[in-house]
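Novice: quick one: sequence plus predicted model below, questions after.
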Amino acid sequence: MLMPALIKSPEAIATMREAATIVAGALDMIGAHVKPGVTTAELDALCHRFIEAQGGVAACVGYQGYRHATCISVNQVVCHGVPGPRQLKEGDCLNIDLVAQVRGIHADTSAMFFAGKPGIAAARLARITQEALYLGIREVKPGATLGDVGAAIQQHAARHGVSVVRDFCGHGIGTAMHEEPQVAHFGQRGTGRMLVPGMTFTIEPMLNAGGPQVRVMPDGWTVVTRDRSLSAQWEHTVLVAQGGVEVLTLRASERATFGAMAAAG
Ligand code: MF3
Ligand code: CO
Ligand code: CO
């Protein structure tokens with residue numbers, strides 16, 4: 001089998017920017033539709049149509065037998081929630097995760113949303129998890145290691161008394177949705193693979209309000225917290241750039257928040 005390159009060509013990176021713009025745009029679009037009464041299947045259909053209207057391919061469809069454009073993970077669902085007839089209720093918190101492909105190159109991103117007004121605990125967990133993602137991203141630069149990324153995320157979770165899921169990781173991304181390297185959301189500084197310009201991978205921490213243990217439901221996809229505590233996740237596809245990091249899937253609506261966070265030091 002051909003091994004995907006760890007370092008992407010300028011052409012592949014340019015194409016990944018196109019795919020990334022599509023998935024970022026889908027998340028910017030879907031927020032207005034997340035409200036009590038809407039079904040997760042309806043949200044999935046809207047994202048699917050958006051990806052195709054923008055000239056992308058919904059890459060989750062057909063991936064290992066999966067049949068939807070998105071994973072929608074509600075409340076205690078950690079990841080890989082399957083869209084269906086479930087209607088969102090006031091206060092539900094959910095992650096919408098989607099992957100688009102353009103000319104064979106993938107981009108992958110996810111974000112948290114709330115149906116109506118979130119509970120205090122859910123809003124707090126979602127915020128801490130987004131901060132953890134941003135702190136992980138801030139470590140990305142040539143010469144840093146994947147251990148630096150994992151350690152920053154783990155430290156932020158520990159400081160706030162929440163746990164990091166260990167059974168699922170970020171991943172290299174390119175001609176395949178999931179490539180080497182694995183990107184753990186825990187680790188030790190100075191260990192693991194060294195980052196070099198041209199690498200592209202996702203960072204996608206899953207943080208639980210309770211313990212880190214997870215369980216896969218009988219459908220073979222839906223991953224839940226074993227103690228049924230709330231879980232949150234945010235995901236970006238990033239490029240190791242000459243001077244640092246380029247967040248390929250950064251949303252227009254996110255630029256201000258991310259800029260402020262990055263500058264905070
Ligand atoms: N988007 C998920 C990830 O972050 C993977 C989706 S699995 C699929 O890696 F089956 F839905 F494609
Ligand atoms: Co994803
Ligand atoms: Co991913």
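Specialist: Perfect, thanks for sending it. Ligands and ions are numbered 1, 2, ... in the order given.

Novice: quickly find the element holding the closest residue to ligand 3 within the stretch 51-200 of the chain.
Specialist: Relative to ligand 3, the nearest point of the stretch 51-200 of the chain is Asp108 (4.1 Å; CB to the ion). Any C-beta I mention is one placed from the backbone N, CA and C, and that applies to glycine too. Using DSSP states H and E, the element containing Asp108 is strand 105-114.

Novice: so what's Gly170 closest to, chain neighbours aside?
Specialist: Val183 (3.2 Å; CB to CB, 6 or more residues apart in numbering).

Novice: my read: the residue of the stretch 51-200 of the chain closest to ligand 3 touches Val238, true?
Specialist: No - the pair Asp108 / Val238 is not scored as a contact, 10.6 Å apart, by CB atoms under 8 Å.

Novice: okay, now the unreliable bits of the protein?
Specialist: 1-2, 262, 265 (pLDDT under 70).

Novice: who touches the spatially most central residue of it in this structure?
Specialist: In the chain, the residue lying closest to the centroid (CA atoms, centre = their mean) is Glu235, at 2.0 Å. By CB atoms under 8 Å, 6 or more residues apart in numbering, the contact list for Glu235 reads 97, 108-111, 133, 170, 202-204, 249.

Novice: overlap in contacts, Asp108 and Val238.
Specialist: Thr202.

Novice: ok, the helix or strand harbouring Thr202 near ligand 2 or not?
Specialist: Using DSSP H and E, Thr202 sits in strand 200-203. No - Strand 200-203 lies out of reach of ligand 2 by CB under 5 Å from the ion, never closer than 6.6 Å.

Novice: after that strand, next one along is what?
Specialist: Criterion used, DSSP H and E; the element after strand 200-203 is strand 206-208.

Novice: from the chain's centre, how far out does that next one sit?
Specialist: Distance of strand 206-208 from the chain centroid (CA atoms, centre = their mean, to the nearest Å) equals 12 Å.

Novice: same check on stretch 74-93?
Specialist: The chain centroid and the centroid of stretch 74-93 are separated by 16 Å, computed with CA atoms, centre = their mean.

Novice: hmm, it touching ligand 2?
Specialist: No - judged by CB under 5 Å from the ion, stretch 74-93 stays clear of ligand 2, getting no closer than 8.0 Å.

Novice: any idea how far apart the tips of that stretch sit?
Specialist: End-to-end span of stretch 74-93 (CA to CA, to the nearest Å): 6 Å.

Novice: for the helix or strand containing Thr237, packing partners?
Specialist: Assigned by DSSP H and E, Thr237 belongs to strand 236-240. Secondary-structure packing of strand 236-240 (3 or more CB pairs under 8 Å, 6 or more residues apart in numbering; DSSP states H and E): helix 10-30, strand 105-114, helix 120-138, strand 200-203, strand 245-247.
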